[in-house]
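Visitor: Sequence and predicted model, in that order:
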Amino acid sequence: MPGTPTARYAYFGPEGTFTEQALRTLPAAGRAVLEPLPTITAALDAVRAGDADAAMVPIENSVEGAVSTTLDALATGDPLMVLREVLLPVRFVLCARSGTALADVRTVASHPHALAQCRGWMSATLPQADVVPAASTAAAAQAVAQDAAFDAAISSPLAADRYALEVLADGIGDVRDAVTRFVLVGRPGGAPLPTGHDRTTVVAYIADDHPGALLEVLTEFAVRGVNLTRIESRPTGERLGRYCFSIDAEGHVDDARVGEALMGLRRVCADVRFLGSYPRADAARPGTAPDDAGFRDAQAWLARVREGRTT
Ligand SMILES: O=C(O)C(=O)C[C@]1(C(=O)O)C=C[C@@H](O)C=C1
């Protein structure tokens, strides 16, 4: 549309990361300016500073679990909000400068999450190789292309192509159907409207360390039939033993059962950071949650009771 400013999306780069691929699956990315930034924190800070409208970052992998840098960067600093999620199958290749044979590979660089997902293949195929952590899989491929310090990288096929590297082995992940979940994060505003297949992300800070603190948090969801799809405890950084819980729950903040669970959570916690309600990428509907009619009915009943009516 004439006069509509072009959206700017930052992502965890450089070019060729799985994160870039995840971002490019969104139709809106085709009309936006995409900016690779070298770290997850830099991508999220660009949103906070107003230099980007939103940022794509990895949050969770089906094999290696949570991306703690993302969880911690969302839990602290100026508040941000998850707007969308993307699920991307991850396939890894071992790539090197042209002319390198597999037998010549002595050093392999990659993102720690990728190295962990290829551990079995590496120990069976290159047991003597030194493994070097890199900022991202694409940063590893870029480093191999530019510098002889590393012989090979574990990256996406896209990064091997982008940095003109030769693929020495394809499909080297230990788990064939590995998937990474990415989130598009913007500044706080209205959450996307409920779709019936949503996810809500929050961070719960318990008031003090006491027996049953985690049970209290879980109870607020359980008694309202809200299913959790992820819960992680992360240190707050204040001192040893201080943890917060990073939680993904099924449903939308506008759903009565989720709203009530969040109110309950707010009552039993020192603080709750709401990180957004957004559509699930797999479009899965909550399995066992009671429908909201029961909650509305109970609320209307309470209002009648408070007015002195008995039915
Ligand atoms: O390094 C990349 O290409 C990324 O997008 C990051 C990342 C991750 O953080 O898990 C994404 C997907 C893969 O599981 C490996 C690495």
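Guide: Okay, I see it. Numbering: from 1, shown residues only.
Visitor: Pull the contacting residues for residue 111.
Guide: The neighbourhood of residue 111, defined by Cβ atoms under 8 Å, 6 or more residues apart in numbering, consists of 133-137, 139-140. To be clear about C-beta, it is placed using only N, CA and C from the backbone, and glycine gets the same treatment.
Visitor: repeat for residue 67
Guide: 40, 57-61, 113 are the contacts of residue 67 under Cβ under 8 Å, 6+ apart.
Visitor: related to what we said a few turns ago, now distance to residue 105 and neighbour count too, for the contacts of residue 111, in a markdown table please.
Guide: Shown next, in a markdown table, are the contacts of residue 111 (distance: Cβ to Cβ, whole Å; neighbours: other Cβ atoms under 10 Å):
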| residue | distance to residue 105 | neighbour count |
| --- | --- | --- |
| 133 | 17 | 12 |
| 134 | 15 | 23 |
| 135 | 21 | 19 |
| 136 | 20 | 27 |
| 137 | 16 | 29 |
| 139 | 18 | 24 |
| 140 | 13 | 28 |
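Visitor: Make a PyMOL selection of whichever of the contacts of residue 67 turn out to be buried.
Guide: The following PyMOL line selects those of these that are buried, judged by 16 or more other Cβ atoms under 10 Å:
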select buried, resi 40+57+58+59+60+61+113
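Visitor: related to what we said a few turns ago, out of the contacts of residue 111, list just those in strands.
Guide: residue 133 (DSSP state E).
Visitor: circling back: out of the contacts of residue 67, which touch the ligand?
Guide: 58, 61, 113 (Cβ under 6 Å from any ligand atom).
Visitor: what does this structure put close to the ligand?
Guide: So the chain meets the ligand at 12, 17-19, 58, 61, 67, 90, 111, 113-114, 136-138, 180 (Cβ under 6 Å from any ligand atom).
Visitor: quick one: which of those residues sit in helices?
Guide: 18-19, 113-114, 137-138 (DSSP state H).
Visitor: Can you give me the domain boundaries for the protein?
Guide: Following automatic domain parsing, one gets these domains for the chain: 1-89+179-189, 93-170, 190-311.
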